[in-house]
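# sequence plus predicted model, see below.
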Amino acid sequence: MLKSSPPSVLAILCMLLVSSVSVAQGTEELEKKYQEKRAKKFVQKIEWITSLDQAKAISKQKNLPILAYFTRSYAP
Amino acid sequence: MEGGPLLSDWWVEESKKFVPYLNISAQLEDKPDQKLMREYDLRGFPSFIFLDDSGLLLFGREPYWRPDSLLSLGQGLNQVEVLFQLRKQVQENPQDSIARARLTLIEGLLDPSRVDVARMDAAAKVEGVPEELVEEWAMTRIEAKFLGFFEPYRSAYQNKSADRDEKKSAAIEGCYRMWVAGEKLDSTSGTFRPFLVLSFDGALAARDAFIAEDCLALYEELFGAHDRFLKGMKVRLAKMVASAKKVEVGSIGGSGE
């Protein structure tokens, strides 16, 4: 009769290591894409505010509306 | 947008009329305002909206608006600037009843779920208020009245608040009263289904078989005979009618003694 052996501690550690490395790589890739987005020409063209709280404070001070542009960096 | 309109000279020039705020969804929690799109119920990219300094959405959610030309940006700016001018006007001269009424109506129409219906009605009666605003309010009024009952209930239910049963009772009673008064939502409204169900519940609670049957017939017509809630609704109506008959028979029997 075949006896199924429990997964070894080493195998579990390897799996955890592989998954944490891939998460880290994923985060790194997302960070890279985010920085690429921020470096785009349109971002440099005018002075965009990237915190809504700050935008609200300027809006109040200058009595101007806020034009919010929602875009993404993780996908094209 | 990013390779064209947002690089143009007209964009740069017009950007002096607003505070440009950039929100980049990055799937990274450490980046700013990552949950903001959900707060404004925005579902697609790109999205553009105008806000005021309190974060109130002023323009641009539905239908989705893109300031991809000077004309399109101007249309959004014009609407928003009217509101800013009115606020300034009212601040400088609080006695200006027309400006105050216009402001009440414009701000109320931006978020009908939070309006004070009586205050909006009073504003709509002020002489000199633009007719199109009054008409828009007339079309929105019933929906706003319903949302005044429904939103507190929905929110209490979502947050599992202790007072959710109380809010539900208020919503049921409110919808039933609206139905009795002939203030019915348009059946094409996105919130017609909860309105109909709550009105039905209200009719059952009031032992009003006539309105309950009316609601049920309309429900079946709109959502089909195979709707998963229909059978339960029919059973509840039948029970209510049967218990009403029992009371009736009991009271007739009792009167003979």
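Looks like it came in fine. The structure displayed is predicted, hence computed values, not measured ones.
# okay, now the unreliable bits of the chain?
Just so you know, I chose chain A. Residue ranges of chain A with pLDDT under 70: A:1-7, A:9-10, A:12-25.
# to clarify, I was referring to chain B.
In chain B, residues with pLDDT under 70: B:62-63, B:247-257.
# please enumerate the helices of it.
Along chain B, the stretches classed as helices by DSSP state H are B:9-14, B:36-39, B:70-92, B:97-110, B:117-124, B:131-158, B:164-180, B:192-205, B:209-223, B:230-255.
# can you tell me which helices and strands the fourth one packs against?
If you count contacts as 3 or more CB pairs under 8 Å, 6 or more residues apart in numbering or on different chains; DSSP states H and E, helix B:97-110 packs onto helix B:70-92, helix B:117-124, helix B:131-158. To be clear about C-beta, it is placed using only N, CA and C from the backbone, and glycine gets the same treatment.
# closest one to chain A among those?
Between chain A and the helices and strands packed on helix B:97-110, the tightest spacing by CB to the nearest CB is seen for helix B:70-92, at 4.6 Å.
# helices and strands around that closest one, which ones?
If contacts are counted by 3+ CB pairs under 8 Å, 6+ apart, helix B:70-92 sits against helix B:9-14, strand B:47-51, strand B:57-59, helix B:97-110.
# quick one: buried residues of it?
B:73, B:76, B:77, B:80, B:81, B:83, B:86, B:87, B:89, B:90 (16 or more other CB atoms under 10 Å in any protein chain shown).
# what about stretch A:54-65 and chain B, any contact?
Yes: residues of stretch A:54-65 contacting chain B under CB under 8 Å from any CB of the partner chain: A:55, A:56, A:57, A:58, A:59, A:60, A:62, A:63, A:64, A:65.
# now list the buried members of those.
The buried subset of these (16+ other CB under 10 Å) comprises A:55, A:56, A:58, A:59, A:64, A:65.
# any chance of a markdown table for those, columns distance to residue A:29 and secondary structure?
Listed next are those as a markdown table, based on distance: CB to CB, whole Å; DSSP: H, G, I helix; E, B strand; the rest coil:
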| residue | distance to residue A:29 | secondary structure |
| --- | --- | --- |
| A:55 | 28 | helix |
| A:56 | 32 | helix |
| A:58 | 33 | helix |
| A:59 | 34 | helix |
| A:64 | 37 | coil |
| A:65 | 36 | coil |
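# going by distance to residue B:196, which of those residues wins?
Nearest to residue B:196 among these: residue A:65, at 38.1 Å, using CB to CB.
# count of residues packed around the nearest residue to residue B:244 once chain neighbours are set aside?
Excluding the flanking residues, the one nearest residue B:244 by CB to CB, 6 or more residues apart in numbering or on different chains is residue B:207, at 5.6 Å. By other CB atoms under 10 Å in any protein chain shown, 12 other residues sit near residue B:207.
# so residue A:68 sits in a strand?
Yes: counting by DSSP: H, G, I helix; E, B strand; the rest coil, one finds residue A:68 located in a strand.
# next up, the contacts around it.
Residues near residue A:68 by CB atoms under 8 Å, 6 or more residues apart in numbering or on different chains: A:52, A:55, B:21, B:23, B:48, B:49, B:50, B:51.
# 7 Å instead, please
Residues in contact with residue A:68, defined by CB atoms under 7 Å, 6 or more residues apart in numbering or on different chains, are B:21, B:23, B:48, B:49, B:51.
# okay then, goodbye and thanks.
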